[in-house]
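Undergrad: with the sequence up front, the predicted model follows.
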2 protein chains.
Amino acid sequence: MTSAFQFTLDGQCGSARVGRLATPRGTIKTPAFMPIGTQAAVKAMFPDAVRETGADIILGNTYHLMLRPGPERMARLGGLHAFMNWLGPILIDSGGFQVMSLSKLRQISEEGVTFQSHVDGSRHLLTPERAVEIQCQLGSDIQMVLDECTAYPVGEREAQESMELSMRWARRARDAFARRPDALQFGIVQGSVFENLRKRSTEWLLDIGFDGYAIGGLAVGEGPQMTRQVLDWVTPILPDDRPRYLMGVGKPADIVAAVRQGVDMFDCVLPTRSGRHGQAFTRDGPLNLRNAGFAEDQDPIDAECRCPACRHYSRAYLHHLFRVGEYLGPMLLTWHNLQFYQDLMHEIRASIAQGTFDDFRFLRGETWTSGTGGL
Amino acid sequence: MTSAFQFTLDGQCGSARVGRLATPRGTIKTPAFMPIGTQAAVKAMFPDAVRETGADIILGNTYHLMLRPGPERMARLGGLHAFMNWLGPILIDSGGFQVMSLSKLRQISEEGVTFQSHVDGSRHLLTPERAVEIQCQLGSDIQMVLDECTAYPVGEREAQESMELSMRWARRARDAFARRPDALQFGIVQGSVFENLRKRSTEWLLDIGFDGYAIGGLAVGEGPQMTRQVLDWVTPILPDDRPRYLMGVGKPADIVAAVRQGVDMFDCVLPTRSGRHGQAFTRDGPLNLRNAGFAEDQDPIDAECRCPACRHYSRAYLHHLFRVGEYLGPMLLTWHNLQFYQDLMHEIRASIAQGTFDDFRFLRGETWTSGTGGL
């Protein structure tokens, strides 16, 4: 880790860790939830509001930003932070997942992946080196290596070939990155649901040596038990002094479970996407505000929440907004859901610091077990 | 005017007036521009932000709110102000215009207008009395009488019949309103483009006696010259001590022209609708931020504007937001456009108060004449 960056553990409770990742653009309290700002904006949110919920860092995406506005243009415009008015740290995903899920006519070779843009059909080549270059042009504080995001389910042989390609790419990405030391770079553990592959991938990355380690290829339908299993294989062999990032996970219960296994960083579209579709997270479980039953419900979404949706509005009003299709519905509910996630992370951190995380509860009247708890 | 309300003129410059309309929910500085909150929300704006631009009053709509959430439901929920968290005054339009422009299978009789909802096809009867009742249930601070919004163009005979029906409805609306004295009620001058009809309509309303007078049936394609002509017929015979409201107008240049003719209140969808479609108002003329020419434009929309879009973002960023379809584009640009309109009104008021309104300029490098000035 370069000198401007510092990862400090402040406490531990079982395998759960509480700490701080200091960066030149601000300190990230861990365990951290990173709201997603795929296309240089957290959807339906002003950056001030994202910050107000308690977020220290947001996520950007190489795939989307290389297509629009384009990395060279972004560099000319002064980089992503100034462009979108988010002055805190930004982690930029490598785009491997989006190439697989969004683009057309993909061709994967040793060199990299060729694909057609889902926007205009234009052809692009993404290599491990190019992904590093793009993330430098965007101004990423935490870069992710380009990986092949293995499909699920997949046979062991195919999973192995895919993982090994990703590890060779990780090596090349690390070499490319070494010449630009103003950011962190995380490697990504692959290997699908196979213990030997996951462990070999982890050791391979440790051998290369990264500033942090992500666990990828999950949240693709394998279920929370398998996520737990993969973390059981991987996290015990990761070094204590590097941050650990579980990509794309997830539901509040899954986050709590992964923190118990020693994960420090999370991202997920759930709070923002659910917010745009009328789904509210609450400590009593999820609410679908589109339901007619809320038409005259004068209660706030959650009386204990301090977000503007809960301080100033009834469920009846939010129901109305979603019914008539007003922008303000997604604006208020995204804010609430991001507040919910940041409150969750805040209480997780406090609980670990106090050594009470074994008894941690966030939902009212329910225990947290992985895979339960709705949403 | 009931005692809780007070209209005070503080200055005059030619026919232009500057004043204050005091209401129990706050004072409206005039000339005033009222942002439109048709469906219990100003589109893509938090109420705090609407207030921050300088707006004292917003507009609601009987037609939309009687369909969703419905007036009885709104009354049970404590009225429109609490529902939408706008605690300042609200003027609620009677719905006459929307019945004509949105609903299906309209039938107009002496009693009122029967129509089918554009949302679900349900049948509704709107009478002058029912429009008063609905506006009371919503909690309107300034009520508008139900009128028949005459089509344009229209023959004189049809215009006369329509105007006379609207005036008989105005009489009934005033009688219905008299039993509920906690708001103001404005009459609406009709009569299309015919001098004798406009004057007879005005005198008819004066004979009934209202708290304020609106000029309706304009902004329907007749053009700024005709608007000016109608105001020339009508405003000289309106009493000085009552506010005058030109409905649905309009472009900045048209507002300035109408203020010169003695109008005090305005509403228009332009700033909000344009904002959702990438059109920015500036003192140098309109900008269409969707244009590719803005893709690397690092300037703000308007360097002198204090809205968040101008303080924190480049035209290039706004271009990007509209290009990729992010919510934040309409959020930022609506804010900017409403700020532009409120700054215009602020400078109009200051100019009248200083007695310099004859030389009033708001656009840079251009004079204001009705019908010019783009947008």
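TA: All right, it came through fine.
Undergrad: I'd like the distance between the residue of chain A most remote from its centre and residue B:64.
TA: Farthest-out residue of chain A from its mean C-alpha position, per CA atoms, centre = their mean: residue A:296, at 35.9 Å. From residue A:296 over to residue B:64 the distance is 18 Å, taken as CB to CB, to the nearest Å. (Glycine included, C-beta is placed from N, CA and C.)
Undergrad: hmm, back to that, now do the SS call for the residue farthest from the centre of chain A.
TA: Residue A:296 falls in the coil class when you classify it by DSSP: H, G, I helix; E, B strand; the rest coil.
Undergrad: show me what from chain A comes close to chain B.
TA: Listed as neighbours of chain B in chain A under the rule CB under 8 Å from any CB of the partner chain: A:39-41, A:43-47, A:64, A:68-69, A:73, A:76-78, A:83-85, A:295-296, A:298, A:308, A:312-314, A:316-317, A:320-321, A:323-324, A:326-328, A:330-331.
Undergrad: now, of the residues you listed, which are buried?
TA: Buried by 16 or more other CB atoms under 10 Å in any protein chain shown: A:39-41, A:43-47, A:64, A:68-69, A:73, A:77, A:83-85, A:295, A:308, A:312-314, A:316-317, A:320-321, A:323-324, A:326-328, A:330-331, out of the residues of chain A next to chain B.
Undergrad: which positions in stretch A:295-310 come out as buried?
TA: Buried residues in stretch A:295-310, counted by 16+ other CB under 10 Å: A:295, A:297, A:300-302, A:305, A:307-310.
Undergrad: can you name the residues in contact with that stretch?
TA: When contacts are defined by CB atoms under 8 Å, 6 or more residues apart in numbering or on different chains, stretch A:295-310 is touched by residues A:53, A:280, A:282-284, A:287, A:289, A:311, A:313-316, A:318-320, A:332-333, A:335-336, A:339-340, A:343, B:46, B:69, B:73, B:76-78.
Undergrad: let's see it at 6 Å
TA: Residues lying outside stretch A:295-310 but in contact with it, judged by CB atoms under 6 Å, 6 or more residues apart in numbering or on different chains, are A:280, A:282, A:314-316, A:319, A:332, A:335-336, A:339.
Undergrad: centre of the chain to it, how far?
TA: Taking CA atoms, centre = their mean, to the nearest Å, the mean C-alpha location of stretch A:295-310 is offset from the chain mean by 27 Å.
Undergrad: now do stretch A:274-284
TA: Computed by CA atoms, centre = their mean, the chain-centroid distance of stretch A:274-284 equals 18 Å.
Undergrad: sorry, back to before: let's see which of the buried residues of stretch A:295-310 end up in strands.
TA: In this view, those have no member that belongs to strands under DSSP state E.
Undergrad: what is the nearest of those residues to residue B:244?
TA: Minimum separation from residue B:244 among the buried residues of stretch A:295-310 (CB to CB) is found for residue A:308, which lies at 36.2 Å.
Undergrad: now the helices for chain A?
TA: A:47-53, A:62-67, A:71-76, A:80-84, A:96-102, A:128-138, A:156-177, A:195-208, A:224-234, A:252-260, A:270-276, A:308-312, A:315-324, A:328-353 (DSSP state H).
Undergrad: I'd like to know which elements the first one is packed against.
TA: Going back to what we said before, that points to helix A:47-53. With contacts defined as 3 or more CB pairs under 6 Å, 6 or more residues apart in numbering or on different chains; DSSP states H and E, the packing partners of helix A:47-53 are helix A:328-353.
Undergrad: gap between residue A:289 and residue B:60?
TA: For residue A:289, the distance to residue B:60 - CB to CB - is 22 Å.
Undergrad: please disregard the earlier target; I meant residue A:144.
TA: 48 Å.
Undergrad: the two: who's more crowded?
TA: Here residue A:144 and residue B:60 are compared on neighbour count by other CB atoms under 10 Å in any protein chain shown; more neighbours surround residue A:144, at 31 against 27.
Undergrad: who's the more buried one bridged to?
TA: Applying DSSP bridges to residue A:144 yields these beta-bridge partners: residue A:186.
Undergrad: again with residue A:23
TA: residue A:26.
Undergrad: one more: the one 10 residues further on?
TA: Residues in a beta bridge with residue A:33, per DSSP bridges, are residue A:266.
Undergrad: I figured it hits residue A:343, correct?
TA: No. Assessed by CB atoms under 6 Å, residue A:33 is found out of contact with residue A:343, at 10.0 Å.
Undergrad: okay, these two: which has more neighbours?
TA: residue A:33 (25 against 20).
Undergrad: identify the residues contacting the more buried one.
TA: Taking CB under 6 Å, 6+ apart as the criterion, residue A:33 is in contact with A:266, A:341, A:345.
Undergrad: now the residue lying closest to residue A:261 once chain neighbours are set aside: how far from chain B?
TA: If the residues on either side of it in the chain are set aside, residue A:261 comes closest to residue A:231, at 4.3 Å by CB to CB, 6 or more residues apart in numbering or on different chains. According to CB to the nearest CB, to the nearest Å, residue A:231 stands 34 Å off from chain B.
Undergrad: what of residue A:189?
TA: Counting by CB to the nearest CB - residue A:189 and chain B are separated by 31 Å.
Undergrad: now residue A:178
TA: Computed as CB to the nearest CB, the residue A:178 to chain B distance reads 31 Å.
Undergrad: tell me the spacing between that residue and residue A:144.
TA: Plainly put, residue A:178 is 16 Å away from residue A:144 if you go by CB to CB.
Undergrad: apart from its chain neighbours, what residue comes closest to the residue in the stretch 51-200 of chain A positioned nearest to chain B?
TA: In the stretch 51-200 of chain A, no residue comes nearer to chain B than residue A:85, which is 4.4 Å away by CB to the nearest CB. In space, residue A:85 comes closest to residue B:312 once its chain neighbours are excluded; the distance is 4.4 Å by CB to CB, 6+ apart.
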